[in-house]
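K.L.:
what follows is a protein structure lacking sequence information:
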Ligand SMILES: [Zn+2]
């Protein structure tokens, strides 16, 4: 199978409503750039990524355009206004990509939450490849640590976390969203829509522990630290060093603070 | 020094609240929840290891059974996630910090 051509959709509209003076968290400064442009940069390091669509709130348009102008180089980025839900925002992005998908110029669509600035090039590469091969791909992390601290009766075995970027073959994805639109179906996420309208298998790829989602204020401090630790460069295509992946609490700490468990 | 306001999740309020963020140059210097006053500042970076431990924990769903479900039925599994994710055991954060501070 030849190398797929990919489009990346950055969901930057955020959830909920904010009053006018508040900054959308994906537009917050993070180590000298805006949160959302970091992942745009890592995604576009991949030669297969030929199109970029950023889904925004209309109220953020000027700020997004300015940040893209400052922080994102060519090729051009398509900016579309999102809908009321994640599903609606994805639908807007897919409509912007529809001509290229139908013309066979986009084989795989990657959906990424712009609040995850540390999704590196290797992670984008791995979901694009897996989606092209299997139909869909999600980064998942298995966690072996700390479950014993849970007060419940569950045995301390494995737990999982699902991340973005998530990738899907473009044509069936577009078709699924068209049918959803006709039916008035609103999925909670991309996968729920794909599940309803296609039989494509979705493949789990290994997520990246560094791929934090900016949710709590602590996440901003952490993202700064992780970026610094990575030398502000997540463009490597080989993924994180497996030895550095935090399979346990101790190794997680060593990964971030090479001198030991305590900073 | 620049200041931004943004909605982030407050660990104390346990919901999205407006936070005031103070930047010193390129880096974040301090964050304050405007509802409860919870304050994080540069020195808090020292506590990040504890937070890292918590980081994945709080986006984690039920152990064991759900992973097995994910293997058998990743999409059905995913559909269930949002509710599970809401059950973030934020309270552990403080405990981990205490644990690692010693
Ligand atoms: Zn608060």
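P.N.:
Looks like it arrived, so ask away. Please read these numbers as outputs of a predicted model, since none were measured by experiment.
K.L.:
thought residue A:81 was touching residue A:56?
P.N.:
Yes: counting by CB atoms under 8 Å, residue A:81 touches residue A:56, with 6.2 Å between them. C-beta: built from backbone N, CA, C; applies to glycine.
K.L.:
between the two, which one's more packed in?
P.N.:
The neighbour comparison of residue A:81 against residue A:56 (other CB atoms under 10 Å in any protein chain shown) goes to residue A:56, with 26 against 14.
K.L.:
I'd say the more buried one and residue A:12 touch.
P.N.:
Yes: using CB under 8 Å, residue A:56 is in contact with residue A:12, at 5.2 Å.
K.L.:
which neighbours do the two have in common?
P.N.:
Residues within reach of residue A:56 and of residue A:12 at once, by CB atoms under 8 Å, 6 or more residues apart in numbering or on different chains, are A:64, A:82.
K.L.:
returning to that earlier point: now the common contact residues for residue A:81 and residue A:56.
P.N.:
Common neighbours of residue A:81 and residue A:56 (CB under 8 Å, 6+ apart) are residue A:13.
K.L.:
pretty sure residue A:128 sits in a helix.
P.N.:
Yes: counting by DSSP: H, G, I helix; E, B strand; the rest coil, residue A:128 falls inside a helix.
K.L.:
now do stretch A:136-155, average pLDDT.
P.N.:
For stretch A:136-155, mean pLDDT rounds to 60.
K.L.:
oh, I was asking about stretch A:114-121
P.N.:
97.
K.L.:
quick one: that stretch near chain B?
P.N.:
No: under the criterion of CB under 8 Å from any CB of the partner chain, stretch A:114-121 makes no contact with chain B; the nearest approach is 10.2 Å.
K.L.:
who touches that stretch?
P.N.:
Under CB under 8 Å, 6+ apart, the answer for stretch A:114-121 is A:10-12, A:14, A:25-26, A:30, A:35-36, A:38-40, A:42-43, A:45-46, A:54, A:112, A:163-165, A:208, A:210-215, A:223, A:226-227, A:230, A:234-237, A:239-240.
K.L.:
can you go through those and name the buried ones?
P.N.:
Buried members of these, counted by 16 or more other CB atoms under 10 Å in any protein chain shown: A:10-12, A:14, A:25-26, A:30, A:35-36, A:38-40, A:42-43, A:45-46, A:54, A:112, A:163-165, A:208, A:210-215, A:223, A:226-227, A:234, A:239-240.
K.L.:
retrieve the pLDDT associated with residue B:91.
P.N.:
As predicted, residue B:91 sits at a pLDDT of 35.
K.L.:
hang on, I meant residue A:199
P.N.:
88.
K.L.:
quick check, it in a helix?
P.N.:
No: read with three-state DSSP, residue A:199 is coil and lies in no helix.
K.L.:
got the phi/psi numbers for it?
P.N.:
Dihedral angles of residue A:199 (phi, psi; degrees, to the nearest 10) stand at phi -110, psi 10.
K.L.:
what about it, how many neighbours?
P.N.:
8.
K.L.:
for residue A:137, same thing?
P.N.:
Other residues close to residue A:137 by other CB under 10 Å number 27.
K.L.:
which ones are touching the nearest residue to it once chain neighbours are set aside?
P.N.:
Leaving aside its chain neighbours, residue A:137 sits nearest to residue A:130 (3.5 Å; criterion: CB to CB, 6 or more residues apart in numbering or on different chains). By CB under 8 Å, 6+ apart, residue A:130 lies in contact with A:137, A:167, A:203, A:205.
K.L.:
now those as JSON lines including distance to the ion and secondary structure?
P.N.:
Listed next are the contacts of residue A:130 as JSON lines, based on distance: CB to the ion, whole Å; DSSP: H, G, I helix; E, B strand; the rest coil:
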{"residue": "A:137", "distance to the ion": "37", "secondary structure": "strand"}
{"residue": "A:167", "distance to the ion": "36", "secondary structure": "strand"}
{"residue": "A:203", "distance to the ion": "40", "secondary structure": "strand"}
{"residue": "A:205", "distance to the ion": "36", "secondary structure": "strand"}
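K.L.:
now the residues you listed as TSV including distance to residue A:175?
P.N.:
TSV is the format used below for the contacts of residue A:130 (distance: CB to CB, whole Å):
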residue	distance to residue A:175
A:137	18
A:167	16
A:203	19
A:205	23
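K.L.:
and these, which are buried?
P.N.:
Buried members of those, counted by 16+ other CB under 10 Å: A:137, A:167, A:203, A:205.
K.L.:
so which of those comes closest to chain B?
P.N.:
Each of the buried ones among the contacts of residue A:130 was scored against chain B by CB to the nearest CB, and residue A:203 proved nearest at 8.1 Å.
K.L.:
quick check: chain neighbours aside, which residue is closest to that closest one?
P.N.:
residue A:134 (4.0 Å).
K.L.:
also residue A:83?
P.N.:
residue A:89 (5.3 Å).
K.L.:
re earlier: give me the subset of the contacts of stretch A:114-121 lying in helices.
P.N.:
A:35, A:36, A:38, A:39, A:40, A:42, A:43, A:223, A:226, A:227 (DSSP state H).
K.L.:
what distance do you get for residue A:188 to residue A:195?
P.N.:
Distance of residue A:188 to residue A:195, computed by CB to CB, to the nearest Å: 11 Å.
K.L.:
between the two, who's got more neighbours?
P.N.:
residue A:195 (21 against 16).
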